[in-house]
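Chemist: sharing a model prediction with you, sequence too.
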Amino acid sequence: MNFDGVNEKTLVLIKPDAIQRGLTGEIISRFERKGIKMVGIKMMGLDDDLLKQHYSHLADKSFFPSLVKFMKSSPIIAVCFEGLEVVNAVRLLCGITKAREAEAGSIRGDLAMSVSCNVVHASDSTENAKKEVERFFKADEIHDYSKSDYEHVYAEDER
Ligand code: IDP
Ligand code: MG
């Protein structure tokens, strides 16, 4: 069966606060239950260079040094997810940046209270998702495999 139409990719980072609070399984489970396919996953420590690239849009903000310090405070887990319009679907599951105002039911809305310690990162556009997946994963760390439940996750005319 052909699922070529549903291979958009996005990057999720499970942030240090989630690692420390033991929320990794809970967070990944929410994406899995949604029907989103995991195609890459790894634990890694982040350095200044990578964080400057990743958060370049925030480099001139007063909170930037504390954001970098937070993101280096323990390893993170990088996950590459795949699916139909998955960049948008994952952002919706995550909820807005300020976690204490994020919609109940979303990951941030249910699991966090802070603006900075908001448990997850998710790419915000297809263009940035492509760059971010390439920043965090080597080509051979992204896995191409068929998922047996896809027949029930997507209708034929969506694939
Ligand atoms: P996003 O993660 O929802 O896409 P961005 O504006 O891209 O939000 O910010 C990236 C990250 O920087 C946020 O997730 C959060 O950890 C941190 N951050 C954003 N705004 C603030 C702030 O006003 N104070 C402290 N940290 C912030
Ligand atoms: Mg962002």
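Modeler: Thanks, I have it. Ligands and ions are numbered 1, 2, ... in the order given.

Chemist: residues touching residue 104, list them.
Modeler: Residue 104 sits next to residue 110 when contact means Cβ atoms under 8 Å, 6 or more residues apart in numbering. The C-beta positions use only the backbone N, C-alpha and C, and glycine is treated the same way.

Chemist: is ligand 1 contacted by stretch 111-121?
Modeler: Yes. Applying Cβ under 6 Å from any ligand atom, one finds stretch 111-121 touching ligand 1 at 115, 116, 118, 121.

Chemist: where does the first one land on pLDDT?
Modeler: If I follow you right, that is residue 115. In this model, residue 115 is scored at 98, pLDDT.

Chemist: also the third one?
Modeler: Looking at residue 118, its pLDDT is 98.

Chemist: and for the residue lying closest to it once chain neighbours are set aside, the neighbour number?
Modeler: Among residues not flanking residue 118 along the chain, residue 99 sits closest, at 4.3 Å (Cβ to Cβ, 6 or more residues apart in numbering). Applying other Cβ atoms under 10 Å, we find 24 residues neighbouring residue 99.

Chemist: identify the residues contacting residue 99.
Modeler: 108, 109, 111, 112, 113, 114, 115, 117, 118, 119.

Chemist: residues touching the last one, list them.
Modeler: Contacts were defined as Cβ under 8 Å, 6+ apart; by that measure residue 119 touches 14, 15, 17, 18, 21, 23, 27, 99, 107, 108, 111, 112.

Chemist: closest one of these to residue 47?
Modeler: residue 15 (15.6 Å; Cβ to Cβ).

Chemist: returning to that earlier point: among the contacts of residue 99, name the ones in helices.
Modeler: Under the assignment DSSP state H, these contribute 108, 109, 111 to helices.
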